[in-house]
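Asker: structure for this input, please:
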Amino acid sequence: MAIMTTWAPVSAEAIAASRNLRIVARLGVGLDNIAVEVATARGVWVSNVPDYCVEEVSDHAVGMLLAWARGLTQLDLAVKQGHWEPAQAQLRRVRDLTCGIVGFGRIGRRTAEKLSGFQLRVLVHARTETDLPEGIERCTLEALLTRSDAVILHVPLTSSTHHLLDASRLALMKRGACLINVSRGAVVDTQALIQALDRRRLSAAALDVLEGEPNVPSGLLRPEVILSPHVAFSSDASVRELRRRASEEVVRVLKGQSPCNPCNQPSAR
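Answerer: Okay, the predicted model is just below:
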């Protein structure tokens with residue numbers, strides 16, 4: 001037996017109630033909706049598809065950065081409301097910006113590669129001491145926040161990253177900076193973010209993910225916040241690849257093989 005899930009939680013109770021369960025296959029990357037430790041203890045594989053949407057999520061992050069720097073969403077709204085006021089535009093030269101990337105796995109690295117074409121300065125904070133491409137600087141999270149004009153979050157949701165950007169860390173960010181989150185909503189303390197926007201500590205936020213989604217807090221319904229409904233991963237190509245590769249993992253395990261992308265090492269059954 002197998003369970004395949006995208007957003008639906010696979011709880012300890014669900015795993016215990018599933019007789020002869022062999023694998024829980026996540027159609028996605030994050031595992032925060034799966035009771036991985038319980039699955040491991042019961043001899044059940046957990047797999048994911050870690051690299052199916054690297055291009056899409058990095059595209060989305062770069063697109064949000066450009067939309068903020070060039071004022072695209074606010075200018076679009078103003079023109080549609082009948083305001084043609086080019087002299088009022090307050091836009092940024094992308095090349096002059098410093099962008100901080102928090103998390104430097106597959107997606108964070110690809111985002112940095114794409115940003116290199118704009119010749120802006122890139123700072124990185126990562127958990128592991130991986131080699132960095134030329135021209136990219138590693139620094140502490142606190143230093144990254146204080147120096148960056150835009151901060152892009154590319155980290156999974158774990159106990160250590162929950163509210164990673166809380167009120168104290170948001171207060172470290174450069175005045176007028178933009179926060180871009182294409183990872184998980186709970187990595188950011190939403191109420192602290194709203195307060196930072198209210199106080200004009202941040203000039204903008206661009207969010208593909210939210211705490212408590214699909215409910216959108218009223219404090220985020222403002223022109224300087226760009227919102228998309230958790231679709232950074234999505235394209236026709238990525239969804240086809242996701243479904244195929246997750247299904248192939250299930251077939252492997254049911255045939256008695258190990259998955260190609262195991263997220264645990266289950267106990268012997």
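
Asker: what residue lies at the spatial centre of the chain?
Answerer: Nearest to the geometric centre of the chain sits Ser183, at 1.4 Å (C-alpha atoms, centre = their mean).

Asker: could you find the closest non-adjacent residue to Phe118?
Answerer: The shortest distance from Phe118 to any non-neighbouring residue, by C-beta to C-beta, 6 or more residues apart in numbering, is to Val94 (4.9 Å). Backbone N, C-alpha and C define where each C-beta goes, glycine included.

Asker: oops, could you answer that again for Val10 instead?
Answerer: Closest residue to Val10 apart from its sequence neighbours, by C-beta to C-beta, 6+ apart: Ile34 at 4.7 Å.

Asker: tell me how far the ends of stretch 183-201 are from each other?
Answerer: 22 Å (C-alpha to C-alpha, to the nearest Å).

Asker: got the buried residues for it?
Answerer: By neighbour count on 16 or more other C-beta atoms under 10 Å, the buried set for stretch 183-201 is 183-190, 192-197, 201.

Asker: swap in stretch 112-125?
Answerer: Of all the residues in stretch 112-125, those buried under the rule 16+ other C-beta under 10 Å are Ala112, Leu115, Phe118, Leu120, Arg121, Val122, Leu123, Val124, His125.

Asker: out of those, what pair is the most spread apart?
Answerer: Farthest-apart pair in the buried residues of stretch 112-125 is Phe118 and His125; separation 20.0 Å (C-beta to C-beta).

Asker: and the contacts of stretch 75-90?
Answerer: If you take C-beta atoms under 8 Å, 6 or more residues apart in numbering as the criterion, stretch 75-90 is touched by Gly71, Pro223.

Asker: 6 Å instead, please
Answerer: Applying C-beta atoms under 6 Å, 6 or more residues apart in numbering, the set of residues contacting stretch 75-90 from outside is Gly71.

Asker: any buried residues in that stretch, and which?
Answerer: Using 16+ other C-beta under 10 Å as the test for burial, stretch 75-90 gives Leu75, Ala78.

Asker: end to end, how far does that stretch reach?
Answerer: First-to-last residue span, stretch 75-90, C-alpha to C-alpha: 10 Å.

Asker: helices of the stretch 101-250 of the chain, start to end?
Answerer: Applying DSSP state H, counting those that start in this stretch to the stretch 101-250 of the chain gives helices spanning 106-116, 141-147, 167-170, 190-198, 236-254.

Asker: then the shortest one to PDB, C-alphas only?
Answerer: It stands for helix 167-170. Taking Å, rounded to 0.1, in the frame of the first residue of the first chain, the C-alpha atoms of helix 167-170 are listed here in PDB:
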ATOM      1  CA  ALA A 167      10.100  40.700  14.800                       C
ATOM      2  CA  SER A 168      13.700  41.000  16.000                       C
ATOM      3  CA  ARG A 169      15.200  39.800  12.700                       C
ATOM      4  CA  LEU A 170      12.800  41.900  10.600                       C
END
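
Asker: what packs against it?
Answerer: For helix 167-170, the elements it packs on are helix 190-198, judged by 3 or more C-beta pairs under 6 Å, 6 or more residues apart in numbering; DSSP states H and E.

Asker: ok now the helix it packs on, how far from the chain's centre?
Answerer: Distance of helix 190-198 from its chain centroid, counting by C-alpha atoms, centre = their mean, to the nearest Å, is 19 Å.

Asker: so which residues make contact with that helix?
Answerer: By C-beta under 6 Å, 6+ apart, helix 190-198 touches Asp166, Ala167, Leu170, Leu202, Glu211, Pro217, Gly219.

Asker: OK, contacts around Ala232?
Answerer: Contacts of Ala232 (C-beta under 6 Å, 6+ apart): Val57, His60, Val182, Asp208.

Asker: gap between it and Cys53?
Answerer: 7 Å (C-beta to C-beta, to the nearest Å).
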